[in-house]
Each structure stands twice: as structure tokens, then as C-alpha cells.
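Student: sequence first, then the predicted structure:
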Amino acid sequence: MLVPLALLFTAITLTEAWRDAPTVDESIDIASGVTGVVRHDLGLTPEHGALTKMLPALPALFAHPIVPDGPGYRSGDWFDTTDDFVRANSNAGRLHLVVFLARLVPLVESLIIAALLYVLGRRLFGPWSGVLASGMWLTTPVFAGFGHIAGVDVAFTLATLMVSLALLHFLDGPSDRRALALGAALAAALLTRHVALVLVAVAAIVVVASGWRTARERALRHAGVLTFTAWIGVWVLVRVASGSPSGNSGARLDSIIAAARHDSLVSRLVLAVPWPKEWAAGFGYLVLTATARPAYLFGHAWDGGQWWYFLGTVLVKVPIVAIVVLLVGLVGWRRVPRAERRTALAVVVAPAVALYAVVALQPLNLGLRYAFPSLALWFVAAGPVVRLGSSVARKIGAGVLTVTQLVAFVVAFPHSIAWTPPPFQPAYQWTTDSNVDYGQDNGRVDDWAVGRSPLVDLLLPRGFDPPAGSRPLLDVAPGDVRGWVAVSATRLTALDRDELSWLRAYCPVDTIGGSVLIYRFDAPVDPRPGPTMPVGTCSGSSSVRTG
């Protein structure tokens, strides 16, 4: 059952990987990753883990990318380096292939995630639970959307599942060798995302708790082994892949670490450990930049974080029948034997809840992608649903879930990132940022803009210019707006929500990929503030005020 689903996932993801424009973080990560591999320098954009950037860079090298060595790189400026990389490869006609080859890595990672979900579900709750967890991953549109994005979210989901499986393997038979293997998985997670520190803490606590009554000293030793292995693993990979940063790059990293040490108690504790400078600067940069950002969901806008945001986002990014399965599956835990339940709590629930707590408390409500690891583990936790009801009821439920998931998956193509399930359509009315608009449709906007000379306000990655012949919408007073307008959903409801309040009262005549709203004005506009939620699409060919 899973092989055809994996083939469908691969076909859709490959197609979207070829068609979609580079997204917001991709230009930075690919540029810094390729530059880092070629020049043995992991000091560029250290806020994203070394493996997150290095692995996609390896296949990208087959496109023979140009790696500039200009003032941007020599000054240690990460963003100038990105701009130089993007423009040099775009002018040489290589950028599209570079990005596509880099995107093969998250596709492979997504397929490995599906395999690990099957293994975890089968081991904890039986083979059909494994099929359920893996199948839901392979048929939920948002995972295909990000399965072709070279970024941190899919990579860290894979790293989290590797840690859970290694922890399960350790609990099956505690030993020094298995503690080493668990430590190696934790090192890979730390090299993918800094929040993996939470996984290190969870693993150490579970290991100590599991042996506290019978072999206390051995349990403490195993916790020490996995913690030390994780720490030394970070040192080994960083120093093997990169020389010690010096000059402008090294000075910039030092300044970030110094500033972060005074930010909070947590940052002081973490940075008291002698980490590699690149890793420590990445953690420090995240601490310093984790400030309140504009967010939007269900017609409400705010700055900062809300604890319920990611749970709410599940509603607007996951098909409704799958959500029912996720909830009902928890009821099935009462039919799981106590010993198996304890194991599942340790290797699935504990890391899922801990990671969710961290992302829920941080002030960046930028999309469901931040909670991918917790959601993937929730797929496993829902496995006991296969033990509920009669045989006939289970078959009917499986059929309904399969049909609705496949329909959603196919209907979402070729815009899997922007897709939302009914009744949360059109997507731009209900959510924003990477749940809808991650910059993936900018290439389509460029094609649409030819001959129209539109006013635009788009979410553009570093190094990319607005469409030829366009003008910035925010540079024009509302009373002077005429003709065509193209606005990113993220700009409309979050980043520029105050400046574009008047526009939300007007109906768009169309969208591009569901992420960029198209307006056409034939008459003077009304500049009065509009509603928080944008109005729906027009029935005619001109935008009129309806809100």
C-alpha cells in the first residue's frame, strides 16, 4: 500500500520542485550551503544547522554553481553573499538547476520519514498503525509542499524521528553501544536545528528514569555517554567540514555570541558549554532575533506568539478526516498494554510535547512547518485507532480516510504549499506566511506581469528582484492606485497589514497559485481601513470594495 503512495508523492513533489520559484529561506540556505562546502566555511548564516545547508549543497554542485568571492563574502556579510550568489548564477542560467538539485535532498528525506513512521508505528502498535502513520505523511499536501523545499523543517523532522527510533532501540536493550548510537542521532539533530537541545534533555531523562530503580549507576552512565556523544559529534562534523572562522567572519560570530550571553538565563547556560563557534553563534543569533513578528490566523492578527497557534494551524492545513483520526486515535490508547504504553509515552509523546512546548512559547508564529516533528510523532501516536470499533467499522474508516487524503493530495497539486482544506478556502482569508505564501509563486508572477506594468508588494527571497516593469505598491498613495496590483498574502495580512488595510476591503479578481492576490482597479479607491480578514474573490473583472 505504501509503495504506490510513495511513488505518487515522489512524482508530485518532483514536479513542484521543478516548477516552484525559490522560497524565502532557500536562497540563503542554498547560497550559504554551496559556499560553505566549496570554501569549507560553515560560518555563513549559522542560525540554520550545518547539515541543513550542507546536504542539499552536495547534489547542487553537479550544476557547477558559481561561488562568488567578492566583497560580500570577504566581509563576512551573509546576506550580501546570498545576493552575489543568486545574481551570478541567475545571470549564468544555472540557478534553476542548482535549486532543483538541492531540492532532491528534502524529497529523499521525506521518503525516509515515511519509512521511519512505518517502523515506529509497527513496532509500538502493530503493522497497520505503521501503515496509517506513514500513509498520512505521504498524502497530506503540506508535506509534499515542503518535501521539495531545501530548508530546515523536513530535515529536522527526520532527525527527530531518528532520535525516537534510537531511543526505542535503547529501551529494548540498554547498552553502551546503543547509548552511543542514540548520542549520534542527537548530534545529527543538533546539527540540523538548535532546538534539538530539548531532545537531548528528553533522551537523558528517559534513559535515567528507565533504569533508576534497577540499575541507577548504569542509567546515569548511559545518560552521560549519549550526552557527551551528542556534544562531541557536533564538534567533529563542524571541524571536519569547516576550518576555524577568522577575520571578519570570525569577528562577527564572536560579537553574536557575546551579545547572546547577556540575553537570558537559558542562553547563558547553553553558551557556557564550549561549543564550536559556528554552532554557538547560530544559537545566539536565534536568541537575539526571536522577537515578536506579525502573525495571522482565522481572521485575527497579532504580533508575537500564541500557545494555541500551531494547534489551530493543523485545522487549516490537514484534511478534516485525518484530524478526526488524530483525535480518535488517542482514545485507542486505553487498549494498549501498560508496558507498551509506557514505551510509547517515552519515545513518541515526550519528544512531541517537549518540542511543541518550545515552538509554542517562542514568538514566531510563521507556519505549521515549525511543528512538523510534533505532528509526525502525533501520526504515530494515533496508531491505536486501528484497535477501535468492529472490523467493518475499521474498513469503512480506512476507506474514507484513504479517499479524502488522496483527493486532497491530488486537488492540491501543483500548489501544495498554499492548499487548505474546506471550509478554510480561499486560503489567504484564513492563514498567512509559509502556510500559504513562501515566495513559491514569484516566477509565475513574473510571467503574469509581462505587459501589465503592475503595482506589486511581494514576498521576495534575498537576491531576487520584483517583476520587470513593476512598481512598489507601498510607494503609491491609495488614491493614486490604478490598473493591476499583485500582493503577497503574507504582505496583505501580516507584514504590511497596516499599510494595506484598505486593500483588504477590496475583492481580488484572481490569485496566482493561491498565494498572490491579483487586483484590477478601474476607478479611484477608498483609502479607509478595511477588515482584518481579506474579502473573497470578485465575481466580475474589476476589484470593488465589499468589506
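Tutor: Structure received. Residues are numbered from 1 along each chain as shown.
Student: would you indicate which residues of the helix or strand hosting residue 328 are buried?
Tutor: Taking DSSP states H and E as the criterion, residue 328 maps to helix 320-331. Within helix 320-331, the residues scored as buried using 16 or more other Cβ atoms under 10 Å are 321, 322, 324, 325, 326, 329. Yep, even glycine has a C-beta here, placed from its N, CA and C like the rest.
Student: export it as CSV, just CAs?
Tutor: Output of helix 320-331 as CSV, limited to C-alpha atoms (Å, rounded to 0.1, in the frame of the first residue of the first chain):
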residue,chain,number,x,y,z
ILE,A,320,-10.6,17.1,8.3
VAL,A,321,-10.9,13.3,8.3
ALA,A,322,-7.2,13.0,9.2
ILE,A,323,-7.8,15.3,12.1
VAL,A,324,-10.6,13.1,13.3
VAL,A,325,-8.2,10.1,13.2
LEU,A,326,-5.6,12.0,15.1
LEU,A,327,-8.1,12.8,17.9
VAL,A,328,-9.9,9.4,18.0
GLY,A,329,-6.6,7.6,17.9
LEU,A,330,-5.7,8.9,21.4
VAL,A,331,-8.8,7.2,22.7
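Student: show the subsequent helix or strand relative to it.
Tutor: Helix 320-331 is succeeded, C-terminally, by helix 338-344 (DSSP H and E).
Student: that following helix packs against which elements?
Tutor: helix 95-125 (3 or more Cβ pairs under 8 Å, 6 or more residues apart in numbering; DSSP states H and E).
Student: with only the CA atoms kept, save the very next helix or strand once past the helix it packs on in PDB.
Tutor: Note on helix 95-125: by DSSP H and E, the next helix or strand toward the C-terminus is helix 127-139. Extracted in PDB, the C-alpha atoms of helix 127-139 (Å, rounded to 0.1, in the frame of the first residue of the first chain):
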ATOM      1  CA  PRO A 127       1.800  -3.000  11.300                       C
ATOM      2  CA  TRP A 128      -1.500  -1.300  10.400                       C
ATOM      3  CA  SER A 129      -0.600   1.500  12.800                       C
ATOM      4  CA  GLY A 130       2.700   1.900  10.900                       C
ATOM      5  CA  VAL A 131       0.800   2.000   7.600                       C
ATOM      6  CA  LEU A 132      -1.500   4.600   9.000                       C
ATOM      7  CA  ALA A 133       1.300   6.900  10.200                       C
ATOM      8  CA  SER A 134       3.300   6.600   7.000                       C
ATOM      9  CA  GLY A 135       0.300   6.900   4.700                       C
ATOM     10  CA  MET A 136      -0.900  10.100   6.400                       C
ATOM     11  CA  TRP A 137       2.500  11.700   5.900                       C
ATOM     12  CA  LEU A 138       2.600  10.700   2.200                       C
ATOM     13  CA  THR A 139      -0.900  12.000   1.400                       C
END
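Student: which single one of the buried residues of helix 320-331 is nearest to residue 427?
Tutor: Distance ranking of the buried residues of helix 320-331 against residue 427, using Cβ to Cβ, places residue 322 first at 17.2 Å.
Student: residues in contact with the closest one?
Tutor: By Cβ atoms under 8 Å, 6 or more residues apart in numbering, the contact set of residue 322 is 136, 140, 401, 404, 405.
Student: most neighbours among these, please name it.
Tutor: Most neighbours among these, by other Cβ atoms under 10 Å: residue 136, with 27 neighbours.
Student: sketch out the low-pLDDT regions of this structure for me.
Tutor: 246-247 (pLDDT under 70).
Student: would you map the strands across it?
Tutor: 294-297, 300-303, 455-457, 471-472, 483-488, 510-512, 516-521 (DSSP state E).
Student: is it possible to get a markdown table of these that adds mean neighbour count and distance to residue 97?
Tutor: Compiled in a markdown table, these are given as follows (neighbours: other Cβ atoms under 10 Å; distance: least, Cβ to Cβ, whole Å):
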| stretch | mean neighbour count | distance to residue 97 |
| --- | --- | --- |
| strand 294-297 | 23 | 35 |
| strand 300-303 | 13 | 39 |
| strand 455-457 | 23 | 27 |
| strand 471-472 | 12 | 30 |
| strand 483-488 | 24 | 26 |
| strand 510-512 | 18 | 23 |
| strand 516-521 | 24 | 24 |
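Student: how about those strands, which one is nearest residue 379?
Tutor: From those, taking Cβ to Cβ, the stretch that ends up closest is strand 294-297, at 22.2 Å.
Student: outside of that closest one, which residues touch it?
Tutor: Looking at what lies outside strand 294-297 - Cβ under 8 Å, 6+ apart - the contacts are 301-306, 309, 312-313, 316, 365-366, 430-433, 493-495, 497, 532.
Student: gap between the residue lying closest to residue 437 once chain neighbours are set aside and residue 479?
Tutor: Nearest residue to residue 437 in three dimensions, chain neighbours excluded: residue 515, at 3.8 Å (Cβ to Cβ, 6 or more residues apart in numbering). Separation of residue 515 from residue 479 (Cβ to Cβ, to the nearest Å): 28 Å.
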